[in-house]
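J.: coordinates for the following, if possible.
(chains A and B)
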Amino acid sequence: MNPRTAALGQELSKRPLLGDGATGTQLQAMGLAPGACGELWNTEHPDRVRRVNQLYLEAGSDLLTTNTFGGTSFVLESHGVAGRGRELNLAGARLAREIAGDRAWVLGDIGPFGGMLEPLGETPSEAVAAAFREQAEALIEGGADAILVETMSDPAEAALAVRAAKGAGAGLVLATYTFQKTAVGYRTMMGTNAGDAVAAVIAAGAEVVGANCGTELSLEDYERLTAELVAAAAGRPVIVQPNAGAPRLVEGRICYAESAGEFAAAAPRFLLAGARLVGGCCGSTPAHIAAMAAILKS
Amino acid sequence: MPELIELTTAVAAGKRVDTVRLTQELLDAGHSPQSIVEQGLVPGMAIVGEQFKRNEIFVPEMLIAARAMKEALKVLEPLLVKAGIKPKYTVIIGTVQGDLHDIGKNLISMMWRGANFAVVDLGTNVSAERYLAAAREHNANLVGLSALLTTTMPAMKETVRVLKAAALPNLKVMIGGAPITQEFADDIGADGYAADAGTAVEVARRLMGEAA
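T.: Presented below is the predicted three-dimensional model:
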């Protein structure tokens, strides 16, 4: 195992670690058009991607996430750049690695492939597994210390991504799902509860499990969800990275309900519920992460 | 001789083989294709929508039921075309400009087909102008806008503005998607909002002037 990855595992057993916040919204603030392919900026505007990583490092993140959420060949194909997967993921990992240095670890980010797997959907799992494998290999080659599989809804897809990451040589894999609140508890879009979701990625080899993003989940919901994840994780570390509240459009601008202070104040409650890693998803900024860092250190 | 209610039960349970078999048996017994769709299949998909709304079932069960209905329609559609029978309502759907996500849009599209609407699916990244042109071309009753990305909410607002400004007679506009709320729908002047694929059928029917 890469010595940095081993050190990450050891550090995780000593103290809670802090992830980073949203990447896409930061890039949009720097001029990325809504809906445009953010991964292209890993080669077109490396300075701006570095800047996002840098802002989170300065905010106190222990873990920097690569700008590669939509880096599977499937998502890239929808943007008309299917053949550039390896190049864009490699570049994204190198940028984060360069900024992280010895001060932080790099999580190579893998998001959903964007469709439905057979037999429910039309996409064969072999093709999706190959896409995840290509992405994970490039991320590890570019310097990712661990792979983060995130925003998953389908446990079968999450397990494919985890296995692909392991097959590509990842020494540490984190796998997180996005949940919604339903009449029968927290479920993914596919109806999977926390227990089944976590079991699927543990069986595939994930060392760290948890949740990120979510639909209409308050920070109180996230606290309860954390407890469910911890119960399901059977001793493995749990990571939670919620949104900064629900988005609202105010005078043409997107606003998130939770201020940095409110958001950060929830972090100790997540840790009390048993989480070992905390961070943010949509709407969270370096200010949210800096506020979390201040509270975690105090 | 099978009853329509058996077909309704089969499609709601996602039993594809039974659904196709019962459809054929009902045809053989003299039921009209139209009555099989409207009194057999559509009520089955309505049950699916209700169960989905109440979180009794989730996306997989909905997909399986819709697939069963689709197979039955393969049997019925040639007969409906031959008889010159068209769905009562035509609806346009798409994901707004700047957004390439289509899972939610596809679910709504499926449920609208399940309600026997004629659905014109424009795909993803659809500009306001394309929605408008399609609404004109197909003389649509309703346009449905989907978005997953928070960042494309302004595109939704602009699309609603363009569609409303065109003032097509009887055209309604409804919106939905993970970041969307009723408050946002009211704010941008959409006629309706649906929180999920189950509700989308009811809201569409209500907007087009039918009792729920």
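J.: all helices for the chain, in order.
T.: In the absence of a named chain, chain A is used. Counting by DSSP state H, chain A has these helices, from start to end: A:3-14, A:24-29, A:41-44, A:46-59, A:73-78, A:85-100, A:125-141, A:155-167, A:194-204, A:219-233, A:260-265, A:267-272, A:286-297.
J.: wait, I meant chain B there
T.: B:4-12, B:16-28, B:33-36, B:42-53, B:59-82, B:103-114, B:128-137, B:153-166, B:182-188, B:197-207.
J.: out of the helices of chain A, the one nearest chain B is which?
T.: In terms of Cβ to the nearest Cβ, the element of the helices of chain A nearest to chain B is helix A:73-78, at 4.8 Å. No exception for glycine: its C-beta is placed from N, CA and C like everyone else's.
J.: helices or strands up against the closest one?
T.: On a contact count with 3 or more Cβ pairs under 8 Å, 6 or more residues apart in numbering or on different chains; DSSP states H and E, helix A:73-78 meets helix A:85-100, helix A:125-141.
J.: single out the most deeply packed of those helices.
T.: Comparing these on average neighbours per residue, with mean count of other Cβ atoms under 10 Å in any protein chain shown, the densest one is helix A:85-100 at a mean of 24.
J.: quick check: angle from it to helix A:46-59?
T.: Taking axes from the mean of the first three to the mean of the last three Cα atoms, to 10 degrees, one finds helix A:85-100 and helix A:46-59 inclined to each other by 40 degrees.
J.: okay, helix A:85-100 in PDB with CA atoms only?
T.: Output in PDB follows, covering the C-alpha atoms of helix A:85-100 (Å, rounded to 0.1, in the frame of the first residue of the first chain):
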ATOM      1  CA  GLY A  85     -11.600  10.000 -19.500                       C
ATOM      2  CA  ARG A  86      -8.100   8.900 -18.600                       C
ATOM      3  CA  GLU A  87      -6.600  12.300 -19.400                       C
ATOM      4  CA  LEU A  88      -9.100  14.300 -17.400                       C
ATOM      5  CA  ASN A  89      -9.100  12.000 -14.300                       C
ATOM      6  CA  LEU A  90      -5.300  11.900 -14.300                       C
ATOM      7  CA  ALA A  91      -5.100  15.700 -14.500                       C
ATOM      8  CA  GLY A  92      -7.700  16.100 -11.800                       C
ATOM      9  CA  ALA A  93      -5.800  13.800  -9.400                       C
ATOM     10  CA  ARG A  94      -2.500  15.500 -10.100                       C
ATOM     11  CA  LEU A  95      -3.900  19.000  -9.400                       C
ATOM     12  CA  ALA A  96      -5.300  17.900  -6.000                       C
ATOM     13  CA  ARG A  97      -2.100  16.000  -5.200                       C
ATOM     14  CA  GLU A  98       0.000  19.000  -6.000                       C
ATOM     15  CA  ILE A  99      -2.000  21.200  -3.600                       C
ATOM     16  CA  ALA A 100      -2.400  18.600  -0.900                       C
END
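J.: would you confirm that residue B:187 contacts residue A:250?
T.: No: applying Cβ atoms under 8 Å as the test, residue B:187 and residue A:250 come out as separate, 9.4 Å apart.
J.: between the two, who's got more neighbours?
T.: residue B:187 (14 against 9; other Cβ atoms under 10 Å in any protein chain shown).
J.: who touches the more buried one in this structure?
T.: With contact set as Cβ atoms under 8 Å, 6 or more residues apart in numbering or on different chains, residue B:187 has these partners: residue A:249.
J.: likewise for residue B:19?
T.: B:7, B:10, B:11, B:41, B:68, B:69, B:71, B:72.
J.: show me what counts as buried in stretch A:231-243.
T.: A:232, A:233, A:236, A:237, A:238, A:239, A:240, A:241, A:242, A:243 (16 or more other Cβ atoms under 10 Å in any protein chain shown).
J.: those into TSV, with extra columns for distance to residue A:287 and pLDDT?
T.: Below are these laid out as TSV (distance: Cβ to Cβ, whole Å; pLDDT from 0 to 100):
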residue	distance to residue A:287	pLDDT
A:232	32	98
A:233	30	98
A:236	30	97
A:237	26	98
A:238	25	98
A:239	21	98
A:240	19	98
A:241	16	97
A:242	16	95
A:243	15	91
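J.: circling back to that earlier point, worst average pLDDT in the helices of chain A?
T.: Mean pLDDT is lowest for helix A:24-29 out of the helices of chain A, coming in at a mean of 89.
J.: how about the contacts made by the residue nearest the centre of chain B?
T.: Closest to where the C-alpha atoms of chain B average out (Cα atoms, centre = their mean) is residue B:112, at 1.4 Å. Contacts for residue B:112 were tallied using Cβ under 8 Å, 6+ apart; they are B:91, B:93, B:119, B:144, B:200, B:201, B:204.
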